[in-house]
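Engineer: Sequence first, predicted coordinates after that:
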Amino acid sequence: MIELNGWKRLGILVSFAWIIGAGFYTVSSIQDNNGAVNVMIHRSCENNADTVRRESARRAYQYSNSQIAASPRDFSHDAAIQQSLQDAIDAAETVYGNSIESCDSQMMDAVKAQTPAADETAAAVALVPVPFGWAFAYLLLLLARWVKRGFMPG
């Protein structure tokens, strides 16, 4: 078995702690940032869909009012006009519902696209610094030994 002194054992423990901690922290941080962006995009999409729904309903209402105004008779009890208005409002609601489903689909596609990048970034953040840390520790060790030799007599 390889003989490891206390400093090397401590270095191995610190390396594993870094890899695990940095990996989890990076994934969590990226997911939080992406989540905030995705929510903002989804809300914007929902607002656009809501605007479409309201505009469609407004147009349906205006059409129905123009039909009522075009004739002197009382359309308030006319089932055909009422049904036409309801059909226009239902169509607007369908557009709105389809828009919301589209927003959900767009957000899920964005999440799927972001996940591999988050994993790769987390792996890089967790693994790349470890060899540099070991190299730095050995450099410090060599410098300390060099300085120590300078103080030795003879």
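Structural biologist: That came through, no problem.

Engineer: Check what contacts the helix or strand containing W146 and list those residues.
Structural biologist: Per DSSP states H and E: W146 is located in helix 129-151. Applying C-beta atoms under 8 Å, 6 or more residues apart in numbering, the contact partners of helix 129-151 are G11, V14, S15, W18, I19, A22. Just so you know, the C-beta spots here come from the backbone N, C-alpha and C atoms, and that holds for glycine as well.

Engineer: Make a PyMOL selection of the buried ones in these.
Structural biologist: The following PyMOL line selects those of the contacts of helix 129-151 that are buried, judged by 16 or more other C-beta atoms under 10 Å:
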select buried, resi 11+15+18+19+22
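
Engineer: check which helix or strand covers the residue positioned nearest the centre of the chain.
Structural biologist: Note on the chain: the residue nearest the mean C-alpha position is N34, at 2.5 Å, using C-alpha atoms, centre = their mean. For N34, the host element (DSSP H and E) is helix 6-70.

Engineer: Give the burial count for K112, as a bare number.
Structural biologist: Residues within reach of K112, counting by other C-beta atoms under 10 Å, total 9.

Engineer: How about T26, nearest residue that isn't a chain neighbour?
Structural biologist: A122 (4.0 Å; C-beta to C-beta, 6 or more residues apart in numbering).

Engineer: distance of the one you found from L142?
Structural biologist: Look at A122 and L142: by C-beta to C-beta, to the nearest Å, they are 32 Å apart.

Engineer: before we move on, what about N47?
Structural biologist: 62 Å.

Engineer: and if you look at D104?
Structural biologist: For D104 relative to L142 (C-beta to C-beta), the value is 58 Å.

Engineer: what's the burial count for the residue nearest to T26?
Structural biologist: Using other C-beta under 10 Å, A122 has 20 neighbouring residues.

Engineer: That one contacts G23, doesn't it?
Structural biologist: Yes. Counting by C-beta atoms under 8 Å, A122 does reach G23; the two are 4.9 Å apart.

Engineer: pLDDT score assigned to S99?
Structural biologist: Note for S99: predicted pLDDT of 64.

Engineer: err, S105, not the other one
Structural biologist: On the pLDDT scale, S105 gets 77.

Engineer: A79 too?
Structural biologist: pLDDT, A79: 66.

Engineer: Same question for the one 10 residues further on.
Structural biologist: Here the pLDDT value assigned to I89 is 66.

Engineer: Understood, closing this out.
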